[in-house]
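Structure, please.
(4 chains)
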There are 2 protein chains.
Amino acid sequence: MEFMKQFLIAKNIPITDENWNIFAEKNIRREYKKKDIILKEGEIDDYLTIVEEGAARLFFIKQNKEITTRFVFKYQYLTSYDSFLNRSPSRCNVEALTDMVLWRVHYDDLQEVYRTSNVGNLIGRLTIESIYVEKLNKEFSYLSESAEERYLKLMKEQPDLFQLIPLKHIATYMGITPQALSRIRRRIS
Amino acid sequence: MEFMKQFLIAKNIPITDENWNIFAEKNIRREYKKKDIILKEGEIDDYLTIVEEGAARLFFIKQNKEITTRFVFKYQYLTSYDSFLNRSPSRCNVEALTDMVLWRVHYDDLQEVYRTSNVGNLIGRLTIESIYVEKLNKEFSYLSESAEERYLKLMKEQPDLFQLIPLKHIATYMGITPQALSRIRRRIS
DNA sequence: CGCCGAGTTGAACTGAATCAAGAAACGTGG
DNA sequence: CCACGTTTCTTGATTCAGTTCAACTCGGCG
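Residues are numbered from 1 along each chain as shown, chains lettered A, B, ... in the order given. The predicted model follows:
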């Protein structure tokens, strides 16, 4: 978890060694292989999970088709939040897109961190603030731009996505079918 | 702010009187009249704002049309979060749908609360957790259900919406035009 | 009474979905 | 390193949900 401490310090987030240790010692390292299913739809996500290495996606099934809702990379949180927070079955699956190294805290351990120091609330707040803003941006983009505009924006802002991830997942992430994305790409080139 | 303390206690959220006072004394009461614009697009939202009485909506303008993204009611937070958190111009306008009573903390005061006690991080975390889950539900609904299904669900889950709010706002909130909503309603009845 | 905003309805249009089939790229084992 | 099967991507034809533009009704309110 040392990477995360560096991360917080770099972001100028105040944290004492003692508080940090309370949090860090609850985190457990875990590895996954490419294509592993890290969480299955219907299961309760018991872990707040951060990515040290690799990439993953969250997706749900709609009429036998996979709809990707989020990509997660290095130093981002990978949790199926509604499941984790509400202790309810996850609507999403989580799949490793590459080999991965993860660190995770169990829900119960996190509750203890919340009780015994304020570092949990701080990290929890900052984490969810950033993914909420990410979701707001996606919503705004979806409601105000055409699929073609969204594609161009994604190309510009996250070109690495296109190296790493099959177009079919990018398509459903954009809210369109792979066929529609293919046609957009042809139109542009 | 007494209502909010009751609210936290009812939710079994641990908070000492001292910590509560640190937070509560930073909050300022403010009233608005129906149709008042509480925040304009382009302004930076300086306040974390909770609703004691009344209702409001957040909306943005797309090609001269208003697209509503969220309704906010009693005991919910009304902030334009991306603006508030990133200190950036708001993409959204906030409009009072009824006469309102609000309580708000200024951004700078909140930073001080974050520094001097853990109540800020706790309240901040819980607040944003709940609106994030709300947004996840909306996204899921949007991606997996037809407009008609979403309408029926909304009728069932939030029938009060239809008493209080013009259909044209509900339509854009659902991601469709008022005309399309009108046709759905006819088809159903 | 006349006006204005909300809601409804119609007709034409459109972006994207769907279904289906072929081409290209990938990876796995011999 | 090649051959094969599988997955990904592309392309075409058709269909459909929802948009757009425009006209009309209804109800409240100055």
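
Could you use CA atoms for every contact and neighbour count after this?
OK.

Would you mind listing what in chain A touches chain B?
Residues of chain A found near chain B (Cα under 8 Å from any Cα of the partner chain) are A:62, A:81-82, A:85, A:118, A:121-122, A:124-126, A:128-129, A:132-133, A:135-136, A:139, A:143-144, A:175.

repeat that with 6 Å
Applying Cα under 6 Å from any Cα of the partner chain, one finds that chain A approaches chain B through A:82, A:118, A:121-122, A:125, A:132-133.

tell me the contacts of residue A:127?
Contacts for residue A:127 (Cα atoms under 6 Å, 6 or more residues apart in numbering or on different chains) come out as none.

which element is it on?
helix A:119-144 (DSSP states H and E).

relative to helix B:119-144, how tilted is that helix?
30 degrees (axes from the mean of the first three to the mean of the last three Cα atoms, to 10 degrees).

Would you pull up the residue in chain A closest to DNA strand C?
In chain A, the residue that lies nearest DNA strand C is residue A:176 (3.3 Å; Cα to the nearest atom of the strand).

circling back: show me which of the residues of chain A next to chain B has the smallest pLDDT value.
Across these, no position has a lower pLDDT than residue A:118, which has 82.

count of residues packed around the closest residue to that residue other than its chain neighbours?
Excluding the flanking residues, the one nearest residue A:118 by Cα to Cα, 6 or more residues apart in numbering or on different chains is residue B:118, at 5.6 Å. Close neighbours of residue B:118, defined as other Cα atoms under 10 Å in any protein chain shown, add up to 23.

Give the buried residues for the helix or strand following the helix holding residue A:127.
Next along the chain after helix A:119-144, taking DSSP H and E as the criterion, comes helix A:147-157. Neighbour-count burial for helix A:147-157 flags A:147-148, A:150-151, A:154 (criterion: 16 or more other Cα atoms under 10 Å in any protein chain shown).

What of stretch A:25-36?
Using 16+ other Cα under 10 Å as the test for burial, stretch A:25-36 gives A:27, A:32.

Now the terminal residues of that stretch, how far apart.
Stretch A:25-36 has an end-to-end distance of 26 Å (criterion: Cα to Cα, to the nearest Å).

average pLDDT across that stretch?
Here the average pLDDT along stretch A:25-36 is 94.

show me where chain A has helices.
In chain A, the segments counted as helices under DSSP state H are A:2-10, A:17-24, A:81-86, A:107-116, A:119-144, A:147-157, A:160-164, A:167-174, A:178-188.

mind checking how far residue A:102 is from residue A:161?
20 Å.

So for these two, which sits in the more crowded spot?
The residue with more neighbours, out of residue A:102 and residue A:161, is residue A:102; 21 against 15, by other Cα under 10 Å.

how close does that one sit to residue B:2?
Plainly put, residue A:102 is 42 Å away from residue B:2 if you go by Cα to Cα.

I'd like to know how many residues surround residue A:139.
Neighbours of residue A:139 using other Cα under 10 Å come to 15.

Any idea how many residues pack against the residue of chain A found nearest chain B?
Nearest residue of chain A to chain B: residue A:125, at 4.3 Å (Cα to the nearest Cα). Residue A:125 has 21 neighbouring residues, counting by other Cα under 10 Å.

quick one: it and residue B:125 touch, right?
Yes: applying Cα atoms under 6 Å, one finds residue A:125 in contact with residue B:125, separated by 4.3 Å.

circling back: number of residues surrounding the residue of chain A closest to DNA strand C?
Other residues near residue A:176 number 16, with proximity taken as other Cα under 10 Å.

re the thing from before, let's have the residues of chain A next to chain B in JSON lines, adding distance to residue B:16.
Converted to JSON lines, the residues of chain A next to chain B look like this (distance: Cα to Cα, whole Å):
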{"residue": "A:82", "distance to residue B:16": "28"}
{"residue": "A:118", "distance to residue B:16": "14"}
{"residue": "A:121", "distance to residue B:16": "16"}
{"residue": "A:122", "distance to residue B:16": "18"}
{"residue": "A:125", "distance to residue B:16": "20"}
{"residue": "A:132", "distance to residue B:16": "28"}
{"residue": "A:133", "distance to residue B:16": "30"}
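
What's the PyMOL line that selects buried ones from those residues?
The following PyMOL line selects those of the residues of chain A next to chain B that are buried, judged by 16+ other Cα under 10 Å:
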select buried, chain A and resi 82+118+121+122+125+132+133
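
DNA strand D contacts on chain A?
Proximity of chain A to DNA strand D (Cα under 7 Å from any atom of the strand) is limited to residues A:165-169, A:178-183, A:185-186.

Just send those back as a markdown table, with neighbour count, pLDDT and distance to residue A:29 too.
A markdown table is the format used below for the residues of chain A next to DNA strand D (neighbours: other Cα atoms under 10 Å in any protein chain shown; pLDDT from 0 to 100; distance: Cα to Cα, whole Å):
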| residue | neighbour count | pLDDT | distance to residue A:29 |
| --- | --- | --- | --- |
| A:165 | 16 | 96 | 25 |
| A:166 | 12 | 97 | 28 |
| A:167 | 17 | 97 | 31 |
| A:168 | 19 | 98 | 31 |
| A:169 | 21 | 98 | 27 |
| A:178 | 17 | 98 | 35 |
| A:179 | 12 | 98 | 39 |
| A:180 | 15 | 98 | 40 |
| A:181 | 21 | 98 | 37 |
| A:182 | 13 | 97 | 39 |
| A:183 | 11 | 97 | 42 |
| A:185 | 13 | 97 | 40 |
| A:186 | 8 | 96 | 43 |
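
pLDDT at the closest residue to residue A:77 other than its chain neighbours, what is it?
Nearest residue to residue A:77 in three dimensions, chain neighbours excluded: residue A:50, at 4.3 Å (Cα to Cα, 6+ apart). Looking at residue A:50, its pLDDT is 95.
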